[in-house]
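S.K.: Sequence and computational prediction follow.
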Amino acid sequence: MKKSITSLCACALIGLAGTLIAEPTLDEFRQQVNELRQQERDLTKQRDAVKKELNAAAFKLLKWESEDTLSVAIASLKVQKPAKQRTVLVYSRTKGYRHQSIPYGIHTLTELGKRTGAFNVVATEDPAVFTSEHFMNYDAILMLNTTGNEAIPPGKAREAFEAFLAQDKGLIGIHAATDCHANWSNYLEAMGGIFDGHPWGAGSVVSLYNEEPEHPICNHIHTGDQIKDEIYQYKDDEHFTRDKLRILLSLDLSGPNMKKGNMKRKDNDYAVSWIREYAGSRVFYSNLGHNNETFHNKMALQHFLNGIQFALGDLEADARPSAEVGNGSAQPLPAGF
């Protein structure tokens, strides 16, 4: 009897609870959903704020931890005395993939110029710089890991960029400077090529082949030297050709672990760095520069410095196309490749 009474009481309580916890009305449920959406927005803002703070802290830590390495590397570099004070515009706007190495790259390039006395750096991601009244006062533009078809927007900014290159100036491209403006033929012609994949990823240790051992931009690099960095391949088109470019470095395919499954070029021309003359200006491009570590690598820094000083007009270097000096094709594949 007691069990029956207890069961009845339990059932009554359950029924009462069901009455008290009734289904919400449509308006109440709509309000609950809106509140959850607001919580999600708040969490997104918090996550973005934490990410921004983390990135700033990680960048500060990287500078701190690498300062000794960077200082030793820069102190060891050979530098040409500039003919006059030089200023390089470092432009790093991205409208596609954004490389995490951009802040450290700006830091390193700034310190490289300052500590060697070779140049000053003004860094920006604002395309308004190209139509500013002082734009033509820069000695060179350095495109640092720019991505996307509108890194430099169509219109007045591009017109100013092209006018700049017609004024005996310099153009420097680092890494993803060939992964932008696929819709701008004059840019591709100036820079020398367009990205077509990276068979060698950021964790790859690649072997370099020095195509010009006596050339002043790369005479410190030996065939077989290695570096850990992401390496692009370039579309086989009218822009990337040894009839126009002086190829300085390419990949040494005889090195360890150099064969990759997604290598596309039928001519096996996997260039890493080149120079050219374009519209009266000097152009230097290097594929190196995906990884933070590249920007305190002594070999890479000397290469960057030499190329920048060539573009500025302070380092004399032969820019005749490879085909014109008897180097019109890539090295043959190693046996068994």
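M.R.: Now that the structure is in, tell me what you want to look at.
S.K.: mind listing what's buried in the helix or strand that contains residue 206?
M.R.: Secondary structure assignment for residue 206, by DSSP states H and E: strand 205-210. For strand 205-210, the neighbour count (16 or more other C-beta atoms under 10 Å) marks 206-210 as buried. In this view, the C-beta of every residue, glycine as well, is placed from N, C-alpha and C.
S.K.: and that strand, what's its mean pLDDT?
M.R.: Averaging pLDDT along strand 205-210 yields 98.
S.K.: Quick one: mean pLDDT for whichever helix or strand comes after that strand?
M.R.: Next along the chain after strand 205-210, taking DSSP H and E as the criterion, comes strand 226-228. Averaged across strand 226-228, the pLDDT comes to 98.
S.K.: Centre of the chain to strand 226-228, how far?
M.R.: Relative to its parent chain, strand 226-228 has a centroid offset of 17 Å by C-alpha atoms, centre = their mean, to the nearest Å.
S.K.: and that strand, what other elements does it pack with?
M.R.: strand 205-210 (3 or more C-beta pairs under 8 Å, 6 or more residues apart in numbering; DSSP states H and E).
S.K.: which one is residue 201 nearest to, not counting chain neighbours?
M.R.: residue 230 (5.7 Å; C-beta to C-beta, 6 or more residues apart in numbering).
S.K.: residues near that neighbour, how many?
M.R.: 21 (other C-beta atoms under 10 Å).
S.K.: And the furthest pair within the buried residues of strand 205-210?
M.R.: 206 and 210 (13.3 Å; C-beta to C-beta).
S.K.: returning to that earlier point: using JSON lines, please lay out the buried residues of strand 205-210 together with distance to residue 104.
M.R.: Converted to JSON lines, the buried residues of strand 205-210 look like this (distance: C-beta to C-beta, whole Å):
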{"residue": "206", "distance to residue 104": "20"}
{"residue": "207", "distance to residue 104": "25"}
{"residue": "208", "distance to residue 104": "22"}
{"residue": "209", "distance to residue 104": "27"}
{"residue": "210", "distance to residue 104": "26"}
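S.K.: Strands of the stretch 101-250 of the chain, residue ranges please.
M.R.: 120-124, 140-144, 147-148, 170-174, 179-180, 205-210, 226-228, 246-251 (DSSP state E, counting those that start in this stretch).
S.K.: most tightly surrounded among these?
M.R.: strand 170-174 (a mean of 28; mean count of other C-beta atoms under 10 Å).
S.K.: isn't residue 254 right next to residue 334, touching?
M.R.: Yes - taking contacts as C-beta atoms under 8 Å, residue 254 lies within contact range of residue 334: 4.0 Å.
S.K.: The two: which is more packed in?
M.R.: residue 254 (16 against 12).
S.K.: And the more buried one, how close does it get to residue 209?
M.R.: Going from residue 254 to residue 209 by C-beta to C-beta, to the nearest Å gives 8 Å.
S.K.: Then residue 306?
M.R.: 17 Å.
S.K.: Over to residue 286?
M.R.: Where residue 209 is concerned, residue 286 sits at a distance of 14 Å (C-beta to C-beta).
S.K.: Tell me which stretches of the stretch 151-300 of the chain form helices.
M.R.: 156-165, 185-191, 298-312 (DSSP state H, counting those that start in this stretch).
S.K.: In the second one, which residues are buried?
M.R.: Counting neighbours by 16+ other C-beta under 10 Å, one finds that the buried residues in helix 185-191 are 187-191.
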